[in-house]
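Engineer: please find the sequence and the predicted model below.
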Amino acid sequence: LVGNLFHCAIFEPDEFDKRYIVGPDVNKNTRVWKDFVEMHEGLECIKPDQYTAAMRQADNMRAKPDAREILSVGKPEVSAYWIDPETGELCRCRPDWVRPLDSGKVILFDGKTYGDARPSEFARQIARMRYHVQAAWYSDGFTEAICAEVAGFVFGAVEVNFPYAASVVMVDEAALEQGRRDYRRNLNTYAECRKTGIWPAYSDSIEQVTL
């Protein structure tokens, strides 16, 4: 929910009030909260502190000059589809934000919430969550889908706790190349499994373990 609230606040602010409504500052187990939820069917009810956090996260991200420039023009949640030429598989990506450039190229922007948005720490999160694979997959796939070069894939990282500090980062070319190797291996494995109908997971044999 934290990520969804931030995404809506930063990428689709006009939609926020159509999806969410701020409820009373009471425990969600109380009758007051449950009655409020029943009265607003069709909307997701959020606490005042959740609303405040989402708005401050969005404000702090827009305060970054590069992020503000990227978000000044473009569209949110743009789906792109393409056929992988090597495997023939239908592929898809959905960048949070697509920013067209005068050169005909585009910049892709992706928002992430995390506990520590320092670039040095977010680099570890990139490795843990395979965001470098996402950057490579989206960059190559979007280029394939729309026949326009992706000039850059940018992450906007914002912290989930006060004061909701934000940073704007990109992975280097070495990380992108590692991402390409990773997604190619994954996609080839997926295609082979689809072809053979065999989807291996863990060993079929008993595995001895120790504490």
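Structural biologist: Cool, the structure landed. What you are looking at is a predicted structure, and each value in this text was computed from that prediction instead of being measured. Numbering: from 1, shown residues only.
Engineer: ok, the nearest residue to Gly104 once chain neighbours are set aside - contacts?
Structural biologist: Closest residue to Gly104 apart from its sequence neighbours, by CB to CB, 6 or more residues apart in numbering: Ala148 at 5.8 Å. Using the backbone N, CA and C atoms, a C-beta is placed for each residue, glycine as well. Contact analysis of Ala148 by CB atoms under 8 Å, 6 or more residues apart in numbering lists Gly104, Lys105, Val106, Phe142.
Engineer: do Leu1 as well
Structural biologist: With CB under 8 Å, 6+ apart, Leu1 has these contacts: Glu44, Ile46, Gln50.
Engineer: and Arg56, how many neighbours does it have?
Structural biologist: 17 (other CB atoms under 10 Å).
Engineer: for it, report the pLDDT, please.
Structural biologist: As predicted, Arg56 sits at a pLDDT of 97.
Engineer: what about it, distance to Gln208?
Structural biologist: 51 Å (CB to CB, to the nearest Å).
Engineer: and the strands in this protein?
Structural biologist: Counting by DSSP state E, the chain has strands at residues 20-22, 44-46, 75-76, 80-83, 90-93, 97-100, 106-114, 150-159, 166-169.
Engineer: would JSON lines of the ones you listed with mean neighbour count, mean pLDDT and distance to Gln178 be doable?
Structural biologist: Formatted as JSON lines, the strands of the chain follow (neighbours: other CB atoms under 10 Å; pLDDT from 0 to 100; distance: least, CB to CB, whole Å):
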{"stretch": "strand 20-22", "mean neighbour count": "18", "mean pLDDT": "96", "distance to Gln178": "38"}
{"stretch": "strand 44-46", "mean neighbour count": "17", "mean pLDDT": "95", "distance to Gln178": "37"}
{"stretch": "strand 75-76", "mean neighbour count": "15", "mean pLDDT": "96", "distance to Gln178": "28"}
{"stretch": "strand 80-83", "mean neighbour count": "15", "mean pLDDT": "96", "distance to Gln178": "22"}
{"stretch": "strand 90-93", "mean neighbour count": "14", "mean pLDDT": "97", "distance to Gln178": "18"}
{"stretch": "strand 97-100", "mean neighbour count": "20", "mean pLDDT": "97", "distance to Gln178": "24"}
{"stretch": "strand 106-114", "mean neighbour count": "22", "mean pLDDT": "97", "distance to Gln178": "18"}
{"stretch": "strand 150-159", "mean neighbour count": "22", "mean pLDDT": "97", "distance to Gln178": "14"}
{"stretch": "strand 166-169", "mean neighbour count": "20", "mean pLDDT": "98", "distance to Gln178": "16"}
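Engineer: wait, Leu90 touches Glu144, no?
Structural biologist: No - using CB atoms under 8 Å as the test, Leu90 is too far from Glu144 to be in contact (11.8 Å).
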